[in-house]
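**Student:** Fold the stuff below for me.
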Amino acid sequence: MYISDHANLCLRVLQYYHDHVLVEHLGQNKILGLIQRHYTWPNIYDDIQKFCKFCVTCMRSKPQCYRPYRSLQQLPIPEHPWNSISMDFIEKLPSSSGFNIILVIVDHLSKQAIFISTHNTITLVELACLFIIYVFSKYRVSSHITSDHGSEFVSHFFCSLGTALDMRLYFISRYHPEANDQVERTN
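**Tutor:** Residues are numbered from 1 along each chain as shown. Now for the predicted structure:
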């Protein structure tokens, strides 16, 4: 039977088949098969998908397909200026004098920032030189460094430099707005 584009009638059919005692909350595909035996209407699949998506019982019984999240943990409280810093790259900038990336280093206590222009082909040695020239020589060797780049590039840099200088590296999720408030996921 074809049901015209009448939302109330379609909703009643969906509720009957989805919430029926014998076929209660079977899921989108099985409900679609049951309904299509007797009824059809425009956008039937989209309507069933939306209906099942907003069903509390279906969502509660749906198995998790991902690992459980770890709890967010507070970053260490800095004891003095430049003890705890964060670094990030501002990427995909138009080229200016051969530079197209800005390395931003921020002190967590004073919120003082250093902006260093660099290029996207920076190596580990060049990054270490930038840290020595702009941070460690002017202030001190930091105890904690926070970065959202968990890539091999940054992790190799800090594994080699961090162990030699007794620094601890904290990784945060990329584009994680809470990281700006100094909350992070421990890696």
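**Student:** Now the helix or strand harbouring residue 115: buried residues?
**Tutor:** Using DSSP states H and E, residue 115 falls within strand 113-118. Neighbour counts over strand 113-118 (16 or more other CB atoms under 10 Å) mark 114, 116, 118 as buried. C-beta coordinates here come from the backbone N, C-alpha and C atoms, glycine included.
**Student:** Can you name the next helix or strand after it?
**Tutor:** Next element after strand 113-118 (DSSP H and E): helix 124-131.
**Student:** With only the CA atoms kept, save that next one in PDB.
**Tutor:** Extracted in PDB, the C-alpha atoms of helix 124-131 (Å, rounded to 0.1, in the frame of the first residue of the first chain):
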ATOM      1  CA  LEU A 124      64.000  17.900  14.000                       C
ATOM      2  CA  VAL A 125      67.400  19.700  14.200                       C
ATOM      3  CA  GLU A 126      66.000  23.000  13.100                       C
ATOM      4  CA  LEU A 127      63.100  22.700  15.600                       C
ATOM      5  CA  ALA A 128      65.600  22.000  18.400                       C
ATOM      6  CA  CYS A 129      67.700  25.000  17.300                       C
ATOM      7  CA  LEU A 130      64.600  27.200  17.400                       C
ATOM      8  CA  PHE A 131      63.800  26.100  21.000                       C
END
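**Student:** any idea of the mean pLDDT in the helix or strand hosting residue 29?
**Tutor:** Under the criterion of DSSP H and E, residue 29 resides in helix 28-36. Here helix 28-36 scores 83 as its mean pLDDT.
**Student:** What is that helix packed up against?
**Tutor:** Judged by 3 or more CB pairs under 8 Å, 6 or more residues apart in numbering; DSSP states H and E, helix 28-36 is in contact with helix 7-19, helix 44-53.
**Student:** follow-up on the earlier one: okay, the buried residues of strand 113-118 in a markdown table with pLDDT next?
**Tutor:** Listed next are the buried residues of strand 113-118 as a markdown table, based on pLDDT from 0 to 100:
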| residue | pLDDT |
| --- | --- |
| 114 | 93 |
| 116 | 93 |
| 118 | 91 |
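**Student:** Put together a markdown table for those, with distance to residue 72 on each row.
**Tutor:** Putting the buried residues of strand 113-118 into a markdown table (distance: CB to CB, whole Å) gives the following:
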| residue | distance to residue 72 |
| --- | --- |
| 114 | 27 |
| 116 | 29 |
| 118 | 31 |
